[in-house]
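**Student:** Curious how this folds, go ahead:
(one chain, ligands or ions: 2)
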Amino acid sequence: MIIVMEPSATDADVEHVITRIKELGLRPHLSKGVERTIIGVIGDERLIKREQFSLLPHVENVIPILKPYKLSSRDFKPTDSIIDVAGVKVGGKNVVIMAGPCAVETEEQLMTTAEAVKASGASLLRGGAYKPRTSPYAFQGLGEDGLKLLAQAREKTGLAIVTEVMESAEVELVAEYADLVQVGARNMQNTHLLRSLCKIHKPVLLKRNFSATLSEFLMSAEYLLSGGNDQVILCERGIRTFVEYTRNTLDLNVVPAVKQLSHLPIIVDPSHGTGRHDLILPMSRAAIAAGADGLIIEVHPNPAEAFSDGDQSLTPAAFQQLMKEVRAIAAAVGRSLN
Ligand code: PEP
Ligand code: MN
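**Tutor:** Ligands and ions are numbered 1, 2, ... in the order given. Down below sits the predicted model:
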């Protein structure tokens, strides 16, 4: 439920409403706009009757939110959220490109990639230090040493860092190094991990699980927002279908659907979405044309030798070409790539 205060409402009127919400065992979420203050009521809506609030002084309107996700819904916040990642603004008119290797492998591999993606115009460097691999025998990532290399690459290039956290116990450590903390597809519904991420003061990149409905995806975002971290960027990275030709089916439908249902920005990962380096460019163009707020792309100086996901990694030269084409698409749909 949303309580919209009249423009003439004073701080005391707002405080009065908040006190009532707390008395009912519910939680207030205050959002002060230029013209109006809006108070979200979080908790079991069965405990609330509209009149309990509509008759309070200077309450303009009480609007029930029927969707299961509340704070992440556009009903709650009609304007696009813009998430600040170490000075890089994700959302609104901007198109932001994140690029780098699937996994941090060596200092040389990471620095070469970082310099290359920076030169082509990426704003964030991606790279996994903790890798969720299908096989326990596969490379699992460098752990904290990988985080240190990412910090070194940021120092050298000025690129902000996005990297994955897999466990609650590692949240503090990863958040110390990362500018944007990634929740991988496999952990989208790890509610314990999501709760741990509410306590950090870093934005979160929430990747959609390959079997999650859009509603489940937004409910996971709701865990973060309701827990106190409203710095959330969504990421579509492909879902499981009967299709065998590609690793996943990139569900670009969710881009405009998320724009209708939520105020949160959404970026697209055509690397995991296709699993094929030759499909990354056309699907990147399509994603930006569909309204995505950015892309996250795997780039490796020598994909054939990559420890993971070489098949879906671009060479620096292919990435440079992609940036050129994506820039043109962004301009054509009234967006700017910074
Ligand atoms: C990744 O981005 O490296 C990754 C493992 O992605 P996902 O969680 O989408 O599979
Ligand atoms: Mn990968």
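**Student:** Check the stretch 51-200 of the chain for the residue nearest ligand 1 and tell me.
**Tutor:** G184 (3.0 Å; Cβ to the nearest ligand atom). From N, CA and C alone the C-beta is placed, and that goes for glycine too.
**Student:** What number of residues are in the vicinity of that residue?
**Tutor:** The number of residues packed near G184 is 22, by other Cβ atoms under 10 Å.
**Student:** what does S31 give?
**Tutor:** S31: 14 neighbours (other Cβ under 10 Å).
**Student:** excluding its backbone neighbours, what's nearest the residue of the stretch 51-200 of the chain found nearest ligand 2?
**Tutor:** Minimum separation of the stretch 51-200 of the chain from ligand 2 (Cβ to the ion) falls at C102, amounting to 3.2 Å. Excluding the flanking residues, the one nearest C102 by Cβ to Cβ, 6 or more residues apart in numbering is D309, at 3.8 Å.
**Student:** Let me see the domain layout of the protein.
**Tutor:** 2-63, 83-337 (automatic domain parsing).
**Student:** Just name the most buried of these.
**Tutor:** domain 83-337 (a mean of 20; mean count of other Cβ atoms under 10 Å).
**Student:** so which helix or strand takes in L142?
**Tutor:** According to DSSP states H and E, L142 maps onto no helix or strand at all.
**Student:** Could you verify my assumption that it touches V104?
**Tutor:** Yes: when contacts are counted by Cβ atoms under 8 Å, L142 is listed as touching V104 (5.5 Å).
**Student:** Now do the shared contacts for the two.
**Tutor:** A129, L149 (Cβ atoms under 8 Å, 6 or more residues apart in numbering).
**Student:** Need the residue closest to the centroid of this protein.
**Tutor:** The residue lying closest to the centre of the chain (Cα atoms, centre = their mean) is I233, at 2.1 Å.
**Student:** picking that back up, for the domains of the chain, give me TSV that also has mean pLDDT.
**Tutor:** TSV is the format used below for those (pLDDT from 0 to 100):
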stretch	mean pLDDT
domain 2-63	90
domain 83-337	98
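**Student:** S72 is nearest to which of these?
**Tutor:** domain 83-337 (4.5 Å; Cβ to Cβ).
**Student:** before we move on, which element is V41 in?
**Tutor:** strand 37-42.
**Student:** Oh, that last question was meant for A175, not what I typed.
**Tutor:** Here A175 is assigned to helix 171-177, by DSSP H and E.
**Student:** Which residues outside the following helix or strand past that helix are in contact with it?
**Tutor:** Later in the chain than helix 171-177, the nearest helix or strand by DSSP H and E is strand 180-183. Contacts of strand 180-183 with the rest of the structure, by Cβ under 8 Å, 6+ apart, involve 85-86, 98, 124, 126, 160-165, 171, 174-175, 190, 193-194, 197, 200, 202-207, 220, 233.
**Student:** Moving C-terminal from strand 180-183, which element do we reach first?
**Tutor:** Criterion used, DSSP H and E; the element after strand 180-183 is helix 191-196.
**Student:** who's in contact with that next one?
**Tutor:** V165, M166, E167, S168, V171, V183, N187, S220, Y223, L224, G227.
**Student:** and the spatially closest residue to L225 that is not a sequence neighbour, what pLDDT?
**Tutor:** The spatial neighbour of L225 that comes closest, neighbours along the chain excluded (Cβ to Cβ, 6+ apart), is L71 at 4.0 Å. You'll see L71 listed with a pLDDT of 92.
**Student:** which residues pair with the residue nearest to the centre of the chain across the strands?
**Tutor:** L205 (DSSP bridges).
**Student:** Might one say that it is in contact with K202?
**Tutor:** No: counting by Cβ under 8 Å, I233 stays clear of K202, with 11.4 Å between them.
**Student:** Out of the contacts of helix 191-196, which sit inside helices?
**Tutor:** V171, S220, Y223, L224 (DSSP state H).
**Student:** what's the most distant pair in those residues?
**Tutor:** Longest span within the ones in helices among the contacts of helix 191-196, Cβ to Cβ: V171 and S220, 15.6 Å.
**Student:** Excluding chain neighbours, what is closest to P316?
**Tutor:** Nearest one to P316, counting by Cβ to Cβ, 6+ apart, is A116 at 3.6 Å.
**Student:** show me what contacts that neighbour?
**Tutor:** Here A116 is in contact with V299, P301, P316, F319, Q320 (Cβ under 8 Å, 6+ apart).
**Student:** Just the closest of the residues you listed to ligand 1, please.
**Tutor:** The nearest one, if we look at these relative to ligand 1 and count by Cβ to the nearest ligand atom, is V299, at 12.3 Å.
**Student:** For the closest one, give me the backbone phi and psi.
**Tutor:** phi -130, psi 140 (degrees, to the nearest 10).
**Student:** and the end-to-end length of stretch 183-197?
**Tutor:** With Cα to Cα, to the nearest Å as the measure, stretch 183-197 spans 9 Å from end to end.
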